[in-house]
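*Asks:* I would like the atomic coordinates for the input below:
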Amino acid sequence: MDWTKKFDGVLLIDKPSGATSHDVVQRVRQLMRQREVGHTGTLDPLSTGLLVICLGKGTKISQFLTAEYKSYIADVRLGISSPTYDAEGVTAEMIEQDVPPCSDAQMQEILDDYRGLSIQRVPPYAAVRINGRHLYDMTRKGETVKLPEREVEITEIALLDYRKPLLRFRLTCSSGTYVRSIAHDIGERLGCGAFLSGLRRISVGDLTVDRAITLERLQQAVESDTVESVMLSIAEAWRFASITLTAEAS
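*Replies:* Predicted structure coming up:
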């Protein structure tokens with residue numbers, strides 16, 4: 001491996017559960033011995049799936065990839081509420097609530113209500129910053145904070161499986177959407193509580209997780225000097241439409 005060589009392109013990494021997005025970036029930096037590395041949209045530590053990593057000149061398109069719509073497979077556990085809206089906040093002392101009867105058709109109707117534009121409140125345990133401080137730090141210290149709100153859009157949301165108390169659905173949403181907030185809200189609507197028990201990102205724009213590699217596979221490629229075979233070029237990763245200028249604009 002020529003360690004003087006710097007790579008310009010995009011890696012599609014299948015992030016494992018338990019690792020933060022920052023952990024993955026740091027691992028890529030170590031393996032590639034390259035500092036200019038960044039991701040294009042955070043995945044929570046317990047979530048898995050597609051993490052798009054930009055290298056070298058590829059970081060110049062990171063802002064465009066970050067803004068792409070993203071698709072997920074979400075698993076929800078009904079009957080238990082979590083302060084973090086996901087499995088991280090669940091404890092053995094929590095009391096399980098009865099889940100009311102709900103047919104597949106009724107559950108799809110509930111999901112359909114989230115389709116389109118809406119204002120979503122950021123969950124209390126989120127990494128967003130308020131006056132330079134992480135919201136989750138402020139929440140853990142018991143500080144009273146007005147939760148930020150943002151406009152989000154869900155273009156697709158479809159029931160995949162419902163076997164009480166477990167729910168699975170697929171959705172495509174705008175950047176910045178909190179799927180765990182949707183899970184929590186479904187529990188509130190049903191009156192039994194719910195939390196996001198699993199989340200897998202399956203696409204970012206046109207980039208899909210079936211093209212992604214593991215960190216172990218990346219290490220093998222580094223060791224065998226075949227990194228180019230597992231990396232996308234900048235043009236492959238971001239295929240933008242051509243722009244035609246009028247005489248006035250030019």
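*Asks:* just give me the longest strand of the protein.
*Replies:* For the chain, the strand with the greatest residue count under DSSP state E is strand 149-163.
*Asks:* for residue 45, grab the count of nearby residues.
*Replies:* Close neighbours of residue 45, defined as other CB atoms under 10 Å, add up to 17. (Each C-beta comes from the backbone N, C-alpha and C, glycine too.)
*Asks:* from residue 87, how far out is it?
*Replies:* According to CB to CB, to the nearest Å, residue 45 and residue 87 sit 10 Å apart.
*Asks:* thinking again about what came up before, helices and strands around the next helix or strand after the longest strand of the chain, which ones?
*Replies:* Next along the chain after strand 149-163, taking DSSP states H and E as the criterion, comes strand 166-173. Using 3 or more CB pairs under 8 Å, 6 or more residues apart in numbering; DSSP states H and E, the elements in contact with strand 166-173 are strand 70-78, strand 149-163, helix 179-190, strand 194-204.
*Asks:* reformat the ones you listed as CSV; add distance to residue 57 and mean pLDDT.
*Replies:* CSV is the format used below for these (distance: least, CB to CB, whole Å; pLDDT from 0 to 100):
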stretch, distance to residue 57, mean pLDDT
strand 70-78, 23, 98
strand 149-163, 30, 96
helix 179-190, 32, 96
strand 194-204, 19, 97
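*Asks:* among those, which comes closest to residue 215?
*Replies:* Counting by CB to CB, residue 215 lies closest to strand 194-204 out of those; the figure is 15.8 Å.
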